[in-house]
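Engineer: Kindly return the folded structure for what I paste below:
(chains A and B)
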Amino acid sequence: MTETADVVELAKRRGYFFQASGAYGGVSGFYTFGPQGAALKRNIEDAWRDRFTIQEGNLEVDAPTVAPEPVFEASGHLDGFDDMLVECPECGESHRADHIIEDNTDIEEAESYPIPEVEELIAEFELVCPSCGAGLAGQAVTAFNLMFETSIGPGSSQPGYLRPETAQGIFVEFPQLKEYARNQLPFGVTQIGRAYRNEISPRKSLLRVREFTQAELELFVDPEEDEPDLDAVRDVTAPLYSAEMQADPDAATTEWTIGEAVDEGVIGDEWVAYYLGVATEWYDRVGVDMERFRFRQHLPGELAHYAADCWDAEAEVDGDWIELAGFAYRSDYDLSKHAEHSDDDFTLFKQYDEAKTVERATVDPDMSYLGPEFGGAAAGIAEALQSLAERDRTAFDGDSVSVEVDGEAYEIPTEHVNFSVDEVTESGEHITPHVVEPSFGVDRALYTVVHHAFSEDEVEGEHRNYLSLEPEVAPTFVGVFPLTDQDGLPERAREVAQELRDAGLSVTYDDSGSIGRRYRRQDEVGTPFCVTLDGDPQGTATIRERDSTAQTRVDLDDLVETLTALRTGDATFDDY
RNA sequence: GCGCCGUUGGUCCAGUGGUAGGACAGUGGCUUCCCAAGCCACUAGCCCGGGUUCAAUUCCCGGACGGCGCACCA
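Structural biologist: Down below sits the predicted model:
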């Protein structure tokens, strides 16, 4: 049995995750997190929030999952998602119809053509299947859009879409968020939430699903001034698999400290380097096996056109490397896009250290002359005069000045233009911040953590499966058992369980079956510690550690303190 | 979306043209002072629709879901 088969079976049986809507036949690409999985997911999210929001001093928001169409026109998702497929009648292969057209004709941007036209083009140019050469004329071209569409409001309402990534909810609200950040860069905004993609073919358990959870940080920086605190992660060792190494069949993933990688130019951007360092420590903290982890740099062809440098965090699961997170320097692409498409202001005013005095050429056209003289063209002429003044002051030297508006030339007497050159004080300028985006898949992190925690060993000749989850993220922290159901032990154990719950620990109580069976049950769901009450007259109990199965005896009075220290990481089991 | 294979208690499997059996898990009881022990009892299942048939979980067709391959993964 493969590791995945074991893990999926355990996940289903023990309430980590399973396919949703099973009672109705199930639906592809949707999963329910059971009681254990929901708690594990929440703990992973809390660990992320602690590191990427709280420790970094960032701002967390919670934006809607539905947004109106213009948002995704601006973001590019509407076009980017609308791909066209044509299937070969001979060999059955599906190909991108727009790519076939672009590759075989002079037409560019075939993607922007409507489907009937694309079908006509295929017939007109007698295009053939790239795989087998059969003619594609007459074959239906089908569109698929990976965004879930919905309609907002009743009747002939406006179209909306479920967000395909949480990031847009941050970018769209930038004009408000910058006010909250008091117009000071850098500032970071985080969001943990669901995103939706109507995948053609959901596969591989939790890895390709139609509804998933992302944890994203959008850090807004001044590209000219802001720098990360590289010293904080300079000594972190990270396994790097650069584009260069990927191109060389003899090269393999290599351990670098973040400091070396920046100094040697392996990581191109310092902000990206900083977050690779932070992410390395975070993945280790939540239980990803660092022996099965790497950062892979995007190859030049993979890079989005606006991205300077991009790395993915990847983990090895059952022989495959799966993508866990992406770290991209996105320049001002996202904010500029929204600035173009919306009427709002996506810039920040950046004050100069010292105000500058500059000469500026301005015009103040006499509209009472321009209006009667040029009619409807007057406003356009005034605008053209101003832009001409900024470009070329000498144009105003003569008795008249000529401008062109909408292809029409106009001659305006200089006396009506009121041209002047003034000294003005500039105290700053408007800049569009650049964006650094670490984007994490929460479900994939959970899937990887469970996989990497999955362990097998032998205890006293008996085979054992257990999840070696980190205490910080384990869904259940401690199991409390009476050794037997006699001598009032169950009552005493219940009291202890309640006491531990009062202390904020996640506790399960179990008195069924033999003690060994109860230990194994907790091992399998990954509970790191079990407390067993026995007949000891001294008022002690045993704490048993999951991975080693070792036990130690602790005074009941010290139990809460001891377990709390184990939970927070202030102590390890070996200390007792 | 295409092709191949599959779908039987909670889980993992066996089996059959006359509606099913095991293992593990679970529940109750006996036993039990530390690692899946034993004994007794119990709970619980043939993915959905259509067709063939006296009769379909079984055969045929379609669908849903899953695995793998192809395509796709902005």
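
Engineer: When you work out contacts or count neighbours from here on, use the C-alpha atoms and nothing else.
Structural biologist: Will do.

Engineer: burial measure for the residue nearest to A:Asn198 when sequence neighbours are not counted, as a count.
Structural biologist: Once flanking residues are discounted, A:Asn198 sits nearest to A:Leu146: 4.6 Å by Cα to Cα, 6 or more residues apart in numbering. Using other Cα atoms under 10 Å, the number of residues around A:Leu146 comes to 19.

Engineer: Starting from A:Ala67, give me the distance back to A:Leu146.
Structural biologist: Distance of A:Leu146 to A:Ala67, computed by Cα to Cα, to the nearest Å: 15 Å.

Engineer: can you check A:Ala409 too?
Structural biologist: Applying Cα to Cα, the value for A:Ala409 to A:Ala67 is 45 Å.

Engineer: And those two? Which one has more around it.
Structural biologist: Between A:Ala409 and A:Ala67, counting by other Cα under 10 Å, A:Ala67 is the more crowded of the two (19 against 10).

Engineer: Centroid-nearest residue for chain A?
Structural biologist: A:Ser439 (2.5 Å; Cα atoms, centre = their mean).

Engineer: Can I get the helix or strand hosting that residue as CSV, trimmed to CA atoms?
Structural biologist: Per DSSP states H and E: A:Ser439 is located in strand A:434-441. Extracted in CSV, the C-alpha atoms of strand A:434-441 (Å, rounded to 0.1, in the frame of the first residue of the first chain):
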residue,chain,number,x,y,z
HIS,A,434,5.4,47.3,-5.2
VAL,A,435,4.0,44.1,-3.9
VAL,A,436,5.8,41.2,-2.4
GLU,A,437,3.5,38.2,-2.2
PRO,A,438,4.0,35.0,-0.1
SER,A,439,1.0,32.9,-0.8
PHE,A,440,0.4,29.6,1.1
GLY,A,441,-2.0,26.8,0.4
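
Engineer: which residues touch that strand?
Structural biologist: Here strand A:434-441 makes contact (Cα atoms under 8 Å, 6 or more residues apart in numbering) with A:212-223, A:271-272, A:275, A:324-334.

Engineer: go again using 7 Å as the cut-off
Structural biologist: Strand A:434-441 has contacts (Cα atoms under 7 Å, 6 or more residues apart in numbering) with A:213-223, A:271, A:324-332.

Engineer: Near RNA strand B, list only the ones from those.
Structural biologist: Among these, no residue sits close to RNA strand B (Cα under 7 Å from any atom of the strand).

Engineer: tell me the domain boundaries of chain A?
Structural biologist: A:3-65+A:163-333, A:75-144, A:352-430, A:476-575 (automatic domain parsing).

Engineer: mean pLDDT for those domains: which is lowest?
Structural biologist: Between the domains of chain A, the lowest average pLDDT goes to domain A:75-144, which shows a mean of 69.

Engineer: ok, back up a step: so which of the contacts of strand A:434-441 belong to strands?
Structural biologist: Counting by DSSP state E, these place A:213-221, A:324-329 in strands.

Engineer: list the helices and strands the longest helix along chain A packs on?
Structural biologist: The longest helix of chain A (DSSP state H) is helix A:270-286. Under the contact criterion of 3 or more Cα pairs under 7 Å, 6 or more residues apart in numbering; DSSP states H and E, helix A:270-286 touches helix A:258-263, strand A:320-329.

Engineer: Just the CA atoms of the helix or strand in which A:His451 is found, as CSV, please.
Structural biologist: For A:His451, the element it lies in under DSSP H and E is helix A:442-453. Provided in CSV are the C-alpha atoms of helix A:442-453 (Å, rounded to 0.1, in the frame of the first residue of the first chain):
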residue,chain,number,x,y,z
VAL,A,442,-3.4,25.8,3.8
ASP,A,443,-4.9,22.5,2.7
ARG,A,444,-1.7,21.4,1.0
ALA,A,445,0.3,22.3,4.2
LEU,A,446,-2.2,20.2,6.2
TYR,A,447,-1.9,17.3,3.7
THR,A,448,1.9,17.4,3.8
VAL,A,449,2.0,17.7,7.6
VAL,A,450,-0.2,14.6,7.9
HIS,A,451,1.9,12.7,5.3
HIS,A,452,5.2,13.6,6.9
ALA,A,453,3.9,12.8,10.4
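
Engineer: ok, now which ones touch the nearest residue to A:Arg546 once chain neighbours are set aside?
Structural biologist: Nearest non-adjacent residue to A:Arg546, counting by Cα to Cα, 6+ apart: A:Pro528, 5.0 Å away. Counting by Cα under 7 Å, 6+ apart, A:Pro528 touches A:Pro471, A:Phe477, A:Val478, A:Glu545, A:Arg546.

Engineer: sorry, back to before: any of the ones in strands among the contacts of strand A:434-441 buried? List them.
Structural biologist: Neighbour counting with 16 or more other Cα atoms under 10 Å marks A:213-221, A:324-329 as buried within those.

Engineer: Pick out the most distant pair among those residues.
Structural biologist: Spatial extent of these (Cα to Cα) is set by the pair A:Thr213 and A:Val221 at 25.5 Å.

Engineer: Just want the residue of the stretch 301-450 of chain A that's nearest RNA strand B.
Structural biologist: A:Ala304 (5.9 Å; Cα to the nearest atom of the strand).

Engineer: partners of the strand holding A:Ser439, with directions?
Structural biologist: Next to strand A:434-441 in the sheet, as set by DSSP bridges, lie strand A:211-221 (antiparallel), strand A:320-329 (antiparallel).

Engineer: I'd like these written out as a markdown table, with distance to A:Pro175 added.
Structural biologist: As requested, these are arranged in a markdown table below (distance: least, Cα to Cα, whole Å):
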| stretch | distance to A:Pro175 |
| --- | --- |
| strand A:211-221 | 12 |
| strand A:320-329 | 21 |
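
Engineer: A:Gln486: which of those strands is closest?
Structural biologist: When the strands paired with strand A:434-441 are ranked by proximity to A:Gln486 (Cα to Cα), strand A:211-221 comes first, at 46.5 Å.

Engineer: Quick one: residues in contact with that closest one.
Structural biologist: Against strand A:211-221 from outside (Cα under 7 Å, 6+ apart): A:30, A:166-167, A:185-197, A:433-443.

Engineer: RNA strand B next: which of these are close?
Structural biologist: Among those, RNA strand B is touched by A:Arg197 when using Cα under 7 Å from any atom of the strand.

Engineer: Can I have the buried ones of the contacts of strand A:211-221 as a ChimeraX selection?
Structural biologist: To isolate the buried members of the contacts of strand A:211-221 in ChimeraX, using 16+ other Cα under 10 Å:
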select /A:30,166,167,185,186,187,188,189,190,191,192,193,194,195,196,197,433,434,435,436,437,438,439,440,441,442,443
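
Engineer: Which parts of the stretch 301-450 of chain A are helices?
Structural biologist: Using DSSP state H, counting those that start in this stretch, the helices found in the stretch 301-450 of chain A span residues A:333-341, A:367-374, A:378-391, A:442-453.

Engineer: ok so, going back, state the distance from the closest residue to the residue nearest to the centre of chain A other than its chain neighbours to RNA strand B.
Structural biologist: Once flanking residues are discounted, A:Ser439 sits nearest to A:Glu216: 4.4 Å by Cα to Cα, 6+ apart. For A:Glu216, the distance to RNA strand B equals 14 Å [Cα to the nearest atom of the strand, to the nearest Å].

Engineer: partner residues bridging A:Glu216?
Structural biologist: Assessed by DSSP bridges, A:Glu216 has beta-bridge partners A:Gln191, A:Ser439.

Engineer: who's in contact with A:Phe295?
Structural biologist: Applying Cα under 7 Å, 6+ apart, the residues contacting A:Phe295 are A:Pro239, A:Leu240, A:Tyr241, A:Trp311, A:Asp312, A:Ala313, A:Glu314.

Engineer: for A:His77, same thing?
Structural biologist: Applying Cα under 7 Å, 6+ apart to A:His77 gives no contacts.

Engineer: Can you list the helices and strands that the helix holding A:His451 packs against?
Structural biologist: Counting by 3+ Cα pairs under 7 Å, 6+ apart, helix A:442-453 packs on strand A:211-221.

Engineer: Buried ones in the following helix or strand past the strand it packs on, by neighbour count?
Structural biologist: Counting by DSSP H and E, the next helix or strand C-terminal to strand A:211-221 is strand A:237-241. Under the neighbour-count criterion of 16+ other Cα under 10 Å, strand A:237-241 has A:Thr237, A:Ala238, A:Pro239, A:Leu240, A:Tyr241 buried.
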